[in-house]
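> the following comprises the amino acid sequence and a computationally predicted model.
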Amino acid sequence: SYENNGPYGQEYYKGYDALAEAGEDWPEKPREGDYRYGHFINGRELFIMGGSVVPPVLFWSDWEPDYFRRLVTMARRANQNTLRIWGGGYVCDDAFFETADLLGVMIQHDFPNFAVFADRSYTFNQKKETEFRLILRQLMAHPSLVVMNGGNELLQLTGNRPLNPLFQTMARVVRQEAPNQFFHLSCPVNPEVHGPWSFNLDHAARYNSFKTIFNSECGTMALPSLKSWRRALSPAPLADLFGPVWLHRLKDRGALETVVHMSALFGPPRAGTPGQAVRRSQLLQAWGYQYIAEEFRRQKPATSGFITWEYNEPWLDMNWGILDHDLIPKASFWSMRRACAPAVLSARFGSYVVAPQAPCRLEIWLSADGLPVSVRATARAFDQAGALLGEVAVSGETDGVSVCLGELTFAAPLAGAIFVRLEGQTGEGGKLRNDYQFCVLPQVRREQPVRVLFLSGGCYESAVSHEYFKAAGFTLDDRRVSPVAPLAAGSVDLAAY
């Protein structure tokens, strides 16, 4: 069941341009006051942590029940409690759902509808109704099925409305075939969120700024394992790093962004080997998914969970899955396993890059999955040579809601990398550990300082851009402005900048 004390769900959604028709204003803060939204399974509140399942195999000749069993088993190993079947895919083998039943992995299943109802004829509606009924009759025998969604992103385009006949058909079929089944018009239904889907240097600040009750798609990209590449490519094109064959498999904008940032952090891609490229991209993805899971857990109970895009991937290319085509775990599989553990120590920060000798501040948090946990922990920061930059001892307890235990502060070194390690022990004797890495930007030497006036409404990107300004030798005058709080007349002397 879903429980909330605010206007959320099918009634909350009005459609982007239907607001004016209804004479209403879009609420800026859908969680005002004591607004709370949660997932309750068998009477127990659960924080949803999982991934989206795309078609595991593309050819029926490759359909093997053991492959589907491994798919669910690996999710359990990664401490994920939910898998969402994407609306652009198909209904998986019964072995998939049987394994989910046995392992306690919850399934959110989209009807096979993607984005737009292109055909609105009566004949098409009747055909889809038959399809919906057959799907429900196959799935309702499985207790792992907890949510049926109408499809993928059906309400994000202006062509669809909740009164569309196909929405009404789906709702009616669910009432008739599965009267106790929770039905969601679409994935997502506002104010849920889909995205973002790439890793940027402001990745942490971006997720810190999120205000969503549930994120049902978000992710970062990485290359598959070198073992999988070697199975698919001959030695010559494999060795031509980012040559024509590689670029053919990097068609998505998110993939190209990842390559750009990988290059910025680790050097030009062509200077490395295919193995280095795989490791570099997987490291960035591991960082990205680690922070996604940890930050959404820190925002509980305002946020009720997340589902990443994706969990798996049928194509051998740069993609969002934490498992590649051959179900070989990427580095992000292990970072997600730790970030989704029943209890986790984590760090909250704004930027993966810092200016030389800039002050650094990290909040240390404890998150737990609905159980009371106490911890005593130590956070330490080291430079690239292993010298200690800062240290703090923290302690605290939680009854299931994330709590901030304290702060680690230190000054960044002149160059190189920064490594942060969190180590703790719970009251029951369990060990907790986590790690983070940051890059120190190169210093620009200037004979005279350059003063810069930075006006913004408090954008999250400034957490990163300010580090670049400081590394470039700029002296920042950072001011917040808004339509209701503009700059006062005469308060800025532009000649000083």
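The structure has been received and is ready for your questions.
> pretty sure Arg361 sits against Thr409.
Yes. Under the criterion of Cβ atoms under 8 Å, Arg361 is in contact with Thr409, at a separation of 5.1 Å. (C-beta placed from N, C-alpha, C; glycine too.)
> name the residues contacting each of these two.
Listed contacts common to Arg361 and Thr409 are nil; contacts here mean Cβ atoms under 8 Å, 6 or more residues apart in numbering.
> burial measure for Gly424, as a count.
Taking other Cβ atoms under 10 Å as the criterion, the count of residues near Gly424 is 24.
> now do the same contact list for the residue nearest to it when sequence neighbours are not counted.
Nearest in space to Gly424, with sequence neighbours left out and distances taken as Cβ to Cβ, 6 or more residues apart in numbering, is Ala377 at 2.9 Å. Ala377 makes contact with Leu345, Ile364, Leu366, Ala393, Val394, Ser395, Leu405, Leu422, Glu423, Gly424, Gln425, Leu432 under the criterion Cβ under 8 Å, 6+ apart.
> now swap in Arg279 and tell me
By Cβ under 8 Å, 6+ apart, the contact list for Arg279 reads Ala331.
> right, and the helix or strand after whatever helix or strand it lives in?
When secondary structure is defined using DSSP states H and E, the element that contains Arg279 is helix 274-298. Note on helix 274-298: by DSSP H and E, the next helix or strand toward the C-terminus is strand 305-308.
> show residues contacting that following strand.
Identification of contacts with strand 305-308 by Cβ under 8 Å, 6+ apart yields 39, 46-52, 82, 84, 108, 214-219, 289, 292-293, 296, 320, 322, 336.
> residue nearest the centroid of this protein?
Computing the C-alpha centroid of the chain and ranking residues by Cα atoms, centre = their mean puts Cys218 first, at 3.8 Å.
> now do it, the pLDDT please.
Model confidence at Cys218, given as pLDDT, is 91.
> for the remainder of this discussion, apply numbering that starts at 19.
Okay, using 19 as the starting number, the last item reads as Cys236.
> give the contact list for it.
Contact partners of Cys236, counting by Cβ under 8 Å, 6+ apart, are Val211, His212, Gly213, Pro214, Trp215, Ile310, Phe324, Thr326, Trp327.
> one more time with 6 Å
Residues in contact with Cys236 (Cβ atoms under 6 Å, 6 or more residues apart in numbering) are Ile310, Thr326.
> let me see the backbone angles for it.
Summarising the backbone geometry of Cys236 under the convention degrees, to the nearest 10, its torsions are phi -170, psi 150.
> could you list the low-pLDDT ranges of the chain?
Residues of the chain meeting the criterion pLDDT under 70: 19-55, 174-179, 208-209, 269-275, 278-281, 284-289.
> for Gln156, which non-adjacent residue is spatially closest?
Val109 (6.5 Å).
> state the distance from that neighbour to Ala376.
When distance is defined by Cβ to Cβ, to the nearest Å, Val109 is 52 Å away from Ala376.
> now do stretch 304-323: distance to the chain's middle.
Once both centres are worked out by Cα atoms, centre = their mean, to the nearest Å, stretch 304-323 turns out to sit 7 Å from its chain's centre.
> dump that stretch to CSV, keeping only the CA atoms.
The C-alpha atoms that make up stretch 304-323 are tabulated as CSV, following Å, rounded to 0.1, in the frame of the first residue of the first chain:
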residue,chain,number,x,y,z
ALA,A,304,30.6,3.8,-9.4
TRP,A,305,31.0,7.2,-7.8
GLY,A,306,27.8,8.4,-9.5
TYR,A,307,25.6,5.5,-8.3
GLN,A,308,27.2,5.5,-4.9
TYR,A,309,26.2,9.2,-4.4
ILE,A,310,22.7,8.7,-5.8
ALA,A,311,21.9,5.9,-3.4
GLU,A,312,23.4,7.6,-0.4
GLU,A,313,21.9,11.0,-1.0
PHE,A,314,18.4,9.7,-1.5
ARG,A,315,18.7,7.7,1.7
ARG,A,316,19.9,10.8,3.5
GLN,A,317,16.7,12.6,2.3
LYS,A,318,14.4,10.0,3.8
PRO,A,319,11.6,10.4,4.9
ALA,A,320,11.0,13.4,2.5
THR,A,321,12.1,11.0,-0.3
SER,A,322,10.7,7.5,-0.3
GLY,A,323,13.1,5.8,-2.6
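> which outside residues touch stretch 504-511?
Val499.
> for Arg451, what are its contacts?
By Cβ under 6 Å, 6+ apart, the contact set of Arg451 is Glu441.
> how about a cut-off of 7 Å?
Leu440, Glu441 (Cβ atoms under 7 Å, 6 or more residues apart in numbering).
> what pairs with it across the strands?
Using DSSP bridges, the bridge partners assigned to Arg451 are Glu441.
> same thing with Phe492?
Using DSSP bridges, the bridge partners assigned to Phe492 are Val468.
> buried residues in stretch 212-228?
Judged by neighbour count using 16 or more other Cβ atoms under 10 Å, the buried positions of stretch 212-228 are 212, 214-226, 228.
> quick one, helices of the chain?
Under the criterion DSSP state H, the chain carries helices at the ranges 36-40, 83-95, 112-121, 140-157, 183-195, 221-226, 244-250, 253-257, 262-266, 271-284, 292-316, 349-357, 480-489.
> nearest to Ala403, out of the ones you listed?
With respect to Ala403, and counting by Cβ to Cβ, the nearest of the helices of the chain is helix 271-284 at 19.0 Å.
> tabulate the helices of the chain (CSV), appending distance to Arg497.
As requested, the helices of the chain are exported to CSV (distance: least, Cβ to Cβ, whole Å):
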stretch, distance to Arg497
helix 36-40, 33
helix 83-95, 47
helix 112-121, 53
helix 140-157, 55
helix 183-195, 47
helix 221-226, 19
helix 244-250, 49
helix 253-257, 52
helix 262-266, 43
helix 271-284, 29
helix 292-316, 27
helix 349-357, 36
helix 480-489, 11
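> of all those, which one is nearest Gly388?
Of all those, the one in closest proximity to Gly388, counting by Cβ to Cβ, is helix 292-316 (11.3 Å).
> buried stuff in that closest one?
Quick answer for helix 292-316 (16+ other Cβ under 10 Å): 292, 294-316.
> roughly how far out does it sit from the chain middle?
Mean C-alpha position of helix 292-316 versus that of the full chain (Cα atoms, centre = their mean) differs by 10 Å.
> next one: stretch 450-468
With Cα atoms, centre = their mean as the basis, stretch 450-468 stands 26 Å off its chain's centre.
> got the end-to-end distance for that stretch?
Taking Cα to Cα, to the nearest Å as the measure, stretch 450-468 stretches 45 Å from start to finish.
> please apply the same query to stretch 216-234.
First residue to last in stretch 216-234 (Cα to Cα) measures 15 Å.
> chain center to that stretch, what's the gap?
For stretch 216-234, the distance to the chain centre is 7 Å (Cα atoms, centre = their mean).
> stretch 481-496 now?
Here stretch 481-496 shows a centroid-to-chain-centroid distance of 28 Å under the convention Cα atoms, centre = their mean.
> flag every buried residue along that stretch.
Ala481, Val482, Ser483, His484, Glu485, Phe487, Lys488, Ala489, Phe492.
> check the gap between the second one and Asp220 for me.
Counting by Cβ to Cβ, the gap between Val482 and Asp220 amounts to 4 Å.
> common neighbours of those two, please.
Common contacts of Val482 and Asp220 (Cβ under 7 Å, 6+ apart): Ser369.
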